[in-house]
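Novice: Show me how the following folds:
(4 chains)
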Protein chains: 2
Amino acid sequence: MTAPILSTKTTALERKTATARVVALLRDQILSGALPEGLQLRQEKLAAELGVSRVPIREALHQLEAEGLVLQESHKGAVVSGLSIDDLEETYEIRARLETWLLELSIPLLGPQHYARAEELLVRMAVDREDEAWSSQNWNFHAALYTPANRPQTLELVRKLYLNAYRHFPLPIRLTGGRDRMNREHQLLLDLCRQGDIERAKDHLEQHILMGARHLINRLKALRRQGKSAT
Amino acid sequence: MTAPILSTKTTALERKTATARVVALLRDQILSGALPEGLQLRQEKLAAELGVSRVPIREALHQLEAEGLVLQESHKGAVVSGLSIDDLEETYEIRARLETWLLELSIPLLGPQHYARAEELLVRMAVDREDEAWSSQNWNFHAALYTPANRPQTLELVRKLYLNAYRHFPLPIRLTGGRDRMNREHQLLLDLCRQGDIERAKDHLEQHILMGARHLINRLKALRRQGKSAT
DNA sequence: GATGTCATTATTGTATCCAATCATTGTCGG
DNA sequence: CCGACAATGATTGGATACAATAATGACATC
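Specialist: Modelled structure (predicted):
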């Protein structure tokens, strides 16, 4: 663990600053669940592990705090922040509002190239057995449908909500409710878009999102009753 | 300008850290337009003016960057970021989506105390001639209607969008379209809520928000044609 | 006169050192 | 035995010093 985790390769086009690298690394680790919620982030420990001084660490922590991934209290250090079940549910509700809107704007603008891209992603998701890749392609599928709406801020906002909701949950939990069900729903959504049935497509997308939230939350609650403490 | 701008009073309950004070100050100055868009923020200059070293300045800038208020490029410093007209319009659209949803959730839960609070704010807004206060009370009025929905993350998100949209615009511009019109629309909105007419209330609120955006954008475009450069 | 190169300078990025604050523990008095 | 209080250690916050990088301008060359 004392080896240089941060890629220090100044070779290519990307000559990032140390702070930026620390931010990127910690963000990945938090969103992937490698750094569990509630974990104390000691500046000196991180500095030693990452091979930099404490200054970039501190600047990175402030940045992550502004992003909502860590919480800091004066002179008491930083901890990885978590989402309560209420927060989690609200996150999905916001996604439902914004994504249905994006879809509504997109549908009239979707062309053959968009459908081809979406179908390709669906095939990959049906084949690929790796959960991590599936999750990422799941987002790519959704994003592909929203891109024509040309609302970059909204898309970025929704992306953050998506990632933030998924973090911390061990992979087996994420796909509760069945990837098969999700795949079928995706296919149906795509068909509704092709038919130009905006209203039904919106309804279906809303159900798709909110149902995913419900399954996830139920599983989480069950886990907590078992005392396994996943949040 | 060399005087200590940062309130260094460690007296009261608020013993904030220097970084936090710098963040708060810079955020205020940016959102209020005191620091115009595109302005270069020199670390040493800020440090001297605020009476702290460069370290808190740097940490503050990183935090503001994560909030989207400044942009940083490696070894080139920070500049106050701005909103394009497209960004501005999208901001209002997002608000329209989320605020109508919050209102929908709230209406069945609004009680006498909420209406009393809202009416009080309306009276103050009708009387108060100070633009700055009006703007803040305008938000308070909206927020009062959304509070019962009990969606804290959404409310905070919308608040940030509201503030971010208003920044940089000199006060006389903000209230284009007439405060009287705004006040009438607020009163109508309140009446529709009282009647429990969710659909009409939502429609009216959406028009209220989007119309405000349109007026603002038209004025901005006119200003730019004059070369006054307000964005 | 234009252009490319190199030195200079201004500015940012990082490391090290010092100060301030919080948690813990041990001691004293009841 | 227990609670208040002081000393100590651990950890964060801030300032200074140094290194790295990008902008500027002078100079030489074509």
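
Novice: use CA for all of it now, contacts and neighbours both
Specialist: Will do.

Novice: Tabulate the CA atom coordinates of the helix or strand hosting A:S135 in PDB.
Specialist: Secondary structure from DSSP states H and E places A:S135 in helix A:131-146. What follows is helix A:131-146, C-alpha atoms only, in PDB (Å, rounded to 0.1, in the frame of the first residue of the first chain):
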ATOM      1  CA  ASP A 131     -21.800  -6.000 -13.200                       C
ATOM      2  CA  GLU A 132     -19.600  -3.000 -13.200                       C
ATOM      3  CA  ALA A 133     -19.600  -2.700 -17.000                       C
ATOM      4  CA  TRP A 134     -23.400  -3.200 -17.000                       C
ATOM      5  CA  SER A 135     -23.900  -0.300 -14.700                       C
ATOM      6  CA  SER A 136     -21.900   2.000 -16.800                       C
ATOM      7  CA  GLN A 137     -23.600   0.800 -20.000                       C
ATOM      8  CA  ASN A 138     -26.900   1.300 -18.300                       C
ATOM      9  CA  TRP A 139     -26.100   4.900 -17.900                       C
ATOM     10  CA  ASN A 140     -24.800   5.200 -21.400                       C
ATOM     11  CA  PHE A 141     -28.000   3.800 -22.700                       C
ATOM     12  CA  HIS A 142     -30.100   6.400 -20.800                       C
ATOM     13  CA  ALA A 143     -27.700   9.200 -21.800                       C
ATOM     14  CA  ALA A 144     -27.900   8.200 -25.500                       C
ATOM     15  CA  LEU A 145     -31.600   8.800 -25.400                       C
ATOM     16  CA  TYR A 146     -31.300  12.200 -23.800                       C
END
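
Novice: what's the distance between the helix or strand following that helix and the middle of its chain?
Specialist: Using DSSP H and E, the helix or strand that directly follows helix A:131-146 along the chain is helix A:152-166. Helix A:152-166 sits 7 Å away from the centroid of its parent chain (CA atoms, centre = their mean, to the nearest Å).

Novice: pLDDT on helix A:152-166, on average?
Specialist: Along helix A:152-166, the predicted confidence averages to a pLDDT of 94.

Novice: Show residues contacting that helix.
Specialist: Counting contacts by CA atoms under 8 Å, 6 or more residues apart in numbering or on different chains, the residues outside helix A:152-166 that touch it are A:31, A:83, A:88, A:91-92, A:95, A:98-99, A:139, A:143, A:146-147, A:174, B:87, B:90-91, B:94.

Novice: Which members of those residues are classed as buried?
Specialist: By neighbour count, with 16 or more other CA atoms under 10 Å in any protein chain shown, these hold A:31, A:83, A:88, A:91-92, A:95, A:98-99, A:143, A:146-147, A:174, B:87, B:90-91, B:94 as buried.

Novice: Lowest pLDDT pick from the residues you listed?
Specialist: In terms of pLDDT, the weakest of the buried ones among the contacts of helix A:152-166 is A:R174, which scores 65.

Novice: how far away is the residue of chain A most remote from its centre from DNA strand C?
Specialist: Within chain A, the residue lying farthest from the chain centre (CA atoms, centre = their mean) is A:H75, at 30.3 Å. Taking CA to the nearest atom of the strand, to the nearest Å as the criterion, A:H75 is separated from DNA strand C by 5 Å.

Novice: so that residue, which of the three states?
Specialist: Reducing the assignment to helix, strand or coil with DSSP: H, G, I helix; E, B strand; the rest coil, the entry for A:H75 is coil.

Novice: And the pLDDT for it?
Specialist: According to the model, A:H75 scores 94 on pLDDT.

Novice: now swap in A:T10 and tell me
Specialist: At A:T10 the predicted local distance difference test score is 39.

Novice: try A:P172
Specialist: In this prediction A:P172 is given a pLDDT of 65.

Novice: and if you look at A:A230?
Specialist: The predicted structure scores A:A230 at 43 on the pLDDT scale.

Novice: One more: A:E14?
Specialist: According to the model's per-residue confidence, A:E14 sits at a pLDDT of 53.

Novice: In the helix holding A:S135, which residues are buried?
Specialist: By neighbour count, and taking 16+ other CA under 10 Å as the criterion, the buried residues in helix A:131-146 are A:W134, A:S135, A:Q137, A:N138, A:N140, A:F141, A:H142, A:A143, A:A144, A:L145, A:Y146.

Novice: Can you tell me which helices and strands that helix packs against?
Specialist: Taking 3 or more CA pairs under 8 Å, 6 or more residues apart in numbering or on different chains; DSSP states H and E as contact, the helices and strands that helix A:131-146 lies on are helix A:85-106, helix A:112-127, helix A:152-166.

Novice: Rank the helices and strands of chain A by mean pLDDT and give me the bottom one.
Specialist: Every helix and strand in chain A was compared by mean pLDDT, DSSP states H and E; the lowest is helix A:171-174, with a mean of 65.

Novice: now the next helix or strand after that helix: mean pLDDT?
Specialist: The helix or strand immediately downstream of helix A:171-174 is helix A:179-194, counting by DSSP H and E. Per-residue pLDDT over helix A:179-194 has a mean of 92.

Novice: Could you give the separation of helix A:179-194 from the chain centroid?
Specialist: The offset between the C-alpha centroid of helix A:179-194 and the centroid of the whole chain comes to 20 Å, using CA atoms, centre = their mean.

Novice: what comes up buried for the next helix-or-strand element following it?
Specialist: Read in the C-terminal direction, the helix or strand following helix A:179-194 is helix A:198-225, with elements assigned using DSSP H and E. Buried residues in helix A:198-225, counted by 16+ other CA under 10 Å: A:198, A:201-202, A:204-206, A:208-210, A:212-213, A:215-217, A:219-220.
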